[in-house]
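**Student:** This is a predicted model, with the sequence first.
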Amino acid sequence: MSMAKTMTEFDAKAADSGSKATERFKESGKRSGIAVPKERVSLLAREVLEAVYGTIRRHKVTYEEYNSLKDWLISVGDDGEWPLFLDVWVEHVVEEVATEDRQGSKGTIEGPYYVPNSPEQKTPARLPRRDDEPGIELTWRGQIRGLDGNGIAGGKVEVWHADGAGFYSQYAPGVPEWNLRGTVVADGDGNFEIQTMRPAPYQIPTDGACGKLIAAAGWHAWRPAHIHVKVSGPGMQQLTAQLYFPGDPHNEDDIASAVKPELILDPRPAADGKGEEMVYDFVLDPEA
Ligand code: MBD
Ligand code: FE
């Protein structure tokens, strides 16, 4: 690759993360899912195409622009960035529609970097970290409840987030396998305590096709610092969410449009003087 010599270490890692998500998706069960009925495919494909025709007509799209699009779409696949592209620019609306009937806690998108089956720990838990893990110590206490307000025995919080430099384990090379990932099992009342390190704001890979689009459009590549979770309990609908930190400038202009006011944390200096602590609870809807 001719670009290799000019890549910074950050860019090299970033490019890797984007395409790893494609490998992961191919291995995941999601790919062998139920076929979408012919009527739905026809309806949805036609409407998307009609929207494209509308844009072409309204803005008199040229052959030059059409060929740029063709070239770019080819590069999205070549760079393995379809999961990244879809999760950044499309998933938030799918999530909105999928969860519109929920009465419990708000969720948001999963994004491209979830890994199932992270090692389980009983509460109180400390997520795996390196000895010199950079950043601020974070202690998070919370409860998993049902709509009736009762704590859910057997509740679990799967947590994953980037490190202080914005890298995810299993996507960026050189980070230990389960770093800053884990499944925390709550106590009999649904209470949990999780110790981790505050993540950094995150820039999506800038050296692949998604980065090319961002640069060509004059956008920015930032997501606010965030902690991903999947919260579950017996008989409950799983909740996928991300939690954000107050005052992060990118809470207002997240490239992935995945911030909601209900998802912003309230960390305070920890009572024991070690970093920060916060409370954040979850309310799960019953299974349909
Ligand atoms: C992320 O970490 C993320 O959460 C999303 C949605 C997209 C790209 C990187
Ligand atoms: Fe993320």
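**Tutor:** Okay, I see it. Ligands and ions are numbered 1, 2, ... in the order given.
**Student:** rest of the way, CA atoms for contacts and neighbours
**Tutor:** Noted.
**Student:** would you say Q195 is within a strand?
**Tutor:** Yes: counting by DSSP: H, G, I helix; E, B strand; the rest coil, one finds Q195 located in a strand.
**Student:** Tell me what it is bridged to.
**Tutor:** Taking DSSP bridges as the rule, Q195 bridges to R126, T139.
**Student:** What residues of stretch 245-262 count as buried?
**Tutor:** Neighbour counts over stretch 245-262 (16 or more other C-alpha atoms under 10 Å) mark 245, 248, 250-251, 253-260 as buried.
**Student:** Same check on stretch 98-118?
**Tutor:** Going by neighbour count (16+ other C-alpha under 10 Å), the buried part of stretch 98-118 is 104-115, 118.
**Student:** Let me see the mean pLDDT of that stretch.
**Tutor:** Averaged across stretch 98-118, pLDDT comes to 97.
**Student:** How far away from the center of its chain is it?
**Tutor:** Centroid separation between stretch 98-118 and its chain, computed with C-alpha atoms, centre = their mean, to the nearest Å, is 9 Å.
**Student:** For that stretch, measure first residue to last.
**Tutor:** Terminal residues of stretch 98-118 lie 25 Å apart, using C-alpha to C-alpha, to the nearest Å.
**Student:** Contact partners for the residue of the stretch 1-150 of the chain found nearest ligand 1?
**Tutor:** Using C-alpha to the nearest ligand atom, the single residue of the stretch 1-150 of the chain nearest to ligand 1 is G111, 3.6 Å away. Counting by C-alpha atoms under 8 Å, 6 or more residues apart in numbering, G111 touches 84, 87-88, 91.
**Student:** Repeat the analysis, applying 10 Å as the threshold.
**Tutor:** Counting by C-alpha atoms under 10 Å, 6 or more residues apart in numbering, G111 makes contact with 21, 83-88, 91-92, 228, 240-242, 256, 258.
**Student:** Let me know the next secondary structure element after the helix or strand of the chain with the lowest mean pLDDT.
**Tutor:** Sorting the helices and strands of the chain by mean pLDDT, DSSP states H and E puts helix 9-27 at the bottom, at a mean of 68. Beyond helix 9-27 in the direction of the C-terminus, DSSP states H and E gives the next helix or strand as helix 38-59.
**Student:** Show me which residues of whichever helix or strand comes after that next one are buried.
**Tutor:** Next helix or strand after helix 38-59 toward the C-terminus (DSSP H and E): helix 63-78. For helix 63-78, burial by neighbour count (16+ other C-alpha under 10 Å) applies to 72, 75-76.
**Student:** Next SSE downstream of helix 63-78?
**Tutor:** Downstream of helix 63-78, the first helix or strand assigned by DSSP H and E is helix 82-89.
**Student:** Give me the contacts around that next one.
**Tutor:** If you take C-alpha under 10 Å, 6+ apart as the criterion, helix 82-89 is touched by 17-25, 73, 75-77, 81, 90-92, 94, 109-113, 204-205, 209-211, 213, 223, 254-258.
**Student:** about what we covered before: I'd like to know which of the contacts of G111 are buried.
**Tutor:** Buried, going by 16+ other C-alpha under 10 Å: 21, 83-85, 87-88, 91-92, 228, 240-242, 256, 258, out of those.
**Student:** would you turn those residues into a markdown table with distance to ligand 1?
**Tutor:** Formatted as a markdown table, the buried ones among the contacts of G111 follow (distance: C-alpha to the nearest ligand atom, whole Å):
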| residue | distance to ligand 1 |
| --- | --- |
| A21 | 10 |
| P83 | 9 |
| L84 | 6 |
| F85 | 8 |
| D87 | 6 |
| V88 | 5 |
| E91 | 8 |
| H92 | 9 |
| H228 | 7 |
| T240 | 11 |
| A241 | 10 |
| Q242 | 8 |
| A256 | 6 |
| A258 | 7 |
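**Student:** May I have the phi/psi pair for the residue nearest the centre of the chain?
**Tutor:** The centre of the chain sits closest to G111, judged by C-alpha atoms, centre = their mean, with a distance of 3.1 Å. Reported as degrees, to the nearest 10, the phi and psi values for G111 are phi 80, psi 180.
**Student:** Give me the contacts around stretch 71-81.
**Tutor:** Stretch 71-81 has contacts (C-alpha under 10 Å, 6+ apart) with 15-23, 65-69, 82-85, 87, 112, 205, 207-213.
**Student:** Nearest spatial neighbour of Y168, chain-adjacent residues omitted?
**Tutor:** Using C-alpha to C-alpha, 6 or more residues apart in numbering and skipping the chain neighbours, the partner closest in space to Y168 is A162 (4.5 Å).
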